[in-house]
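Engineer: Pasting a predicted model and its sequence here:
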Amino acid sequence: AQSVAQPEDQVNVAEGNPLTVKCTYSVSGNPYLFWYVQYPNRGLQFLLKYITGDNLVKGSYGFEAEFNKSQTSFHLKKPSALVSDSALYFCAVRDFSSGSARQLTFGSGTQLTVLP
Amino acid sequence: DTGVSQDPRHKITKRGQNVTFRCDPISEHNRLYWYRQTLGQGPEFLTYFQNEAQLEKSRLLSDRFSAERPKGSFSTLEIQRTEQGDSAMYLCASSLGPDSPNYGYTFGSGTRLTVV
């Protein structure tokens, strides 16, 4: 079975400071990993993904994430936070081992608040 | 094609009534997914279509729920005899296959169901 943990329900950071939103995953085989952002009463917007290749992935709006296989983590980062980054962030995983489910499994989300 | 469209955006219904939601995916995407999201939680998988074939269903999809994708394009999700516990945001997503360099889910804005 595949699963995702986002250990922090809430992250607060001051505008201009770096931000990190944590994600760890569990799969049997190779993971495909994603970050999505959700604004109130809206669907999810794609930020970035890791499939293969470089462990550091760059995505939309200045966000990046680092795939760490030994720690089974995929933390989302941004060097300088903006107030407009305040939103709900979801990490998701799909396991590509044989016989695994064909859908993404999402974490419970982390509410990011950037304080002016 | 501007993305995944869902209709209606909001639906208020009385307990016991039937409701139907529609999803129009990105035209070139052959895969379509339905998720349910309750307040403060991550999206939970309901069902998955590849073209017109429904290939996976979650245990969350009770016998009151049915989904179709008759021509491999738009999809409908019907809930019969609605219950208050069905109140949630219903999200539709579409994607290409995992072999595509553009693999990733594109979500619609969702249909918010309130059962009173």
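Structural biologist: Yep, that arrived.
Engineer: for chain A, what are the nearby residues on chain B?
Structural biologist: Proximity of chain B to chain A is confined to B:4, B:6, B:33, B:35, B:40-45, B:48, B:55-56, B:91, B:93, B:98, B:103-110, B:112 under the rule Cβ under 8 Å from any Cβ of the partner chain. C-betas here are computed from N, CA, C, even on glycine.
Engineer: Just the ones of those in strands?
Structural biologist: B:6, B:33, B:35, B:44-45, B:48, B:55-56, B:91, B:93, B:106-107, B:112 (DSSP state E).
Engineer: Got a PyMOL select line for the buried ones in these?
Structural biologist: Filtering those down to the buried ones (16 or more other Cβ atoms under 10 Å in any protein chain shown) takes a single PyMOL command:
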select buried, chain B and resi 6+33+35+45+48+91+93+106+107+112
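Engineer: out of the ones in strands among the residues of chain B next to chain A, what pair is the most spread apart?
Structural biologist: The distance between the two most remote of those (Cβ to Cβ) is 26.8 Å, for B:Leu55 and B:Arg112.
Engineer: wait, doesn't A:Val4 sit right on A:Arg94?
Structural biologist: No: using Cβ atoms under 8 Å, A:Val4 makes no contact with A:Arg94, being 10.1 Å away.
Engineer: So for these two, which residues contact both of them?
Structural biologist: Common neighbours of A:Val4 and A:Arg94 are listed as A:Thr105 (criterion: Cβ atoms under 8 Å, 6 or more residues apart in numbering or on different chains).
Engineer: can you pull the buried residues of the helix or strand hosting A:Phe74?
Structural biologist: Assigned by DSSP states H and E, A:Phe74 belongs to strand A:73-78. Buried residues in strand A:73-78, counting neighbours by 16+ other Cβ under 10 Å, are found at A:Ser73, A:Phe74, A:His75, A:Leu76, A:Lys78.
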